[in-house]
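> Only the shape, not the letters, is given here:
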């Protein structure tokens, strides 16, 4: 099944959009454990980004910035749109948040 057709992937995106980063992280991690190839790398990036937001919520700015940077770098090889997700917009947002963490 394509990642974009996976109900848990769509559910994780919905969780992420409503800032339920823990649920998004858990769903993406489940999928990551099952994935292979490029989808596995893509999901690893999303897991790291969600974990970054969890760190940020607990005032761990340096740890959040590290996770944001790692996740953003992992997204670099992917096109602007992958698995139905606007990767370019996500990277821009994550990089902006990461800069605020270190400011």
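Received it, and whenever you're ready, just let me know what you need. These figures come from a predicted structure and were not determined experimentally.
> all helices of the protein, in order?
In the chain, the segments counted as helices under DSSP state H are 7-17, 21-34, 37-57, 61-75, 87-102.
> do you know which of these lies nearest residue 81?
Closest of the helices of the chain to residue 81 is helix 87-102, at 6.2 Å (criterion: CB to CB). Every residue, glycine included, has its C-beta placed from N, CA and C.
> related to what we said a few turns ago, okay, the helices of the chain in TSV with mean pLDDT and distance to residue 1 next?
Shown next, in TSV, are these (pLDDT from 0 to 100; distance: least, CB to CB, whole Å):
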stretch	mean pLDDT	distance to residue 1
helix 7-17	96	9
helix 21-34	97	10
helix 37-57	97	10
helix 61-75	96	22
helix 87-102	93	20
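> Turn those helices into a markdown table, columns for mean neighbour count.
As requested, the helices of the chain are arranged in a markdown table below (neighbours: other CB atoms under 10 Å):
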| stretch | mean neighbour count |
| --- | --- |
| helix 7-17 | 17 |
| helix 21-34 | 18 |
| helix 37-57 | 20 |
| helix 61-75 | 19 |
| helix 87-102 | 15 |
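> could I get those as JSON lines with distance to residue 81?
Below are the helices of the chain laid out as JSON lines (distance: least, CB to CB, whole Å):
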{"stretch": "helix 7-17", "distance to residue 81": "13"}
{"stretch": "helix 21-34", "distance to residue 81": "18"}
{"stretch": "helix 37-57", "distance to residue 81": "12"}
{"stretch": "helix 61-75", "distance to residue 81": "12"}
{"stretch": "helix 87-102", "distance to residue 81": "6"}
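> Isn't residue 86 up against residue 75?
No - in this structure residue 86 lies outside contact range of residue 75 using CB atoms under 8 Å: 11.1 Å.
> Identify the residues contacting stretch 23-40?
3, 6, 8-9, 11-13, 15-16, 43-44, 46-47, 50-51, 54, 77-78, 83 (CB atoms under 8 Å, 6 or more residues apart in numbering).
> again, 7 Å this time
3, 6, 8-9, 11-12, 15-16, 43-44, 46-47, 50-51, 54 (CB atoms under 7 Å, 6 or more residues apart in numbering).
> got it, and stretch 44-55?
Contacts of stretch 44-55 with the rest of the structure, by CB under 7 Å, 6+ apart, involve 16, 21-22, 24-25, 28-29, 32, 63-64, 67-68, 70-71, 74-75, 94.
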